[in-house]
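show me how the following folds:
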Amino acid sequence: MGNIKKIPLRQCVGCGEMKPKKELIRVIKTADDEIIIDVTGKKNGRGAYICYSKECFAKAFKSKGLERSLKYKIPEDIYEKLKEEMDNYAE
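Next up is the predicted model:
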């Protein structure tokens, strides 16, 4: 009987589905109230996760899912960076 490694699951703020952490983009709010897209998934801060899908992004933007998860108002430039990140992933 070998050790089975557990895959960490996180919930997407757009669609609400539980997915493996590696399949999601992490957005964090640091202690300095700075909003950052965390590609490594290891930076300190309160994190929220979103799928690499434009539909999920649209749902999260419309429902303010990221803002609710991070308990902070998200600037427009962060949404633009997220959109670029998704475009790069799709290519």
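
the strands in this protein, which residues?
9-11, 18-20, 24-29, 35-38, 46-51 (DSSP state E).

give me the most central residue, the chain.
With distances taken as CA atoms, centre = their mean, residue 49 lies nearest the centre of the chain, 2.6 Å away.

next up, the contacts around that one.
For residue 49, the contact set (CB atoms under 8 Å, 6 or more residues apart in numbering) comprises 10-13, 19, 21, 24-27. Just so you know, the C-beta spots here come from the backbone N, C-alpha and C atoms, and that holds for glycine as well.

next, the contact list for residue 59, please.
With contacts defined as CB under 8 Å, 6+ apart, residue 59 is in contact with 14-15, 65.

by neighbour count, which of those residues wins?
Of all the contacts of residue 59, the highest neighbour tally under other CB atoms under 10 Å goes to residue 14, namely 23 neighbours.

look at residue 90 and report its pLDDT.
Looking at residue 90, its pLDDT is 58.

doesn't residue 30 make contact with residue 72?
No: here residue 72 lies out of contact with residue 30, judged by CB atoms under 8 Å, at a distance of 10.3 Å.

closest to residue 3 out of the contacts of residue 59?
Using CB to CB, residue 15 is the member of those that sits closest to residue 3, with 31.4 Å.

wait, isn't that closest one in contact with residue 51?
Yes: counting by CB under 8 Å, residue 15 touches residue 51, with 6.3 Å between them.
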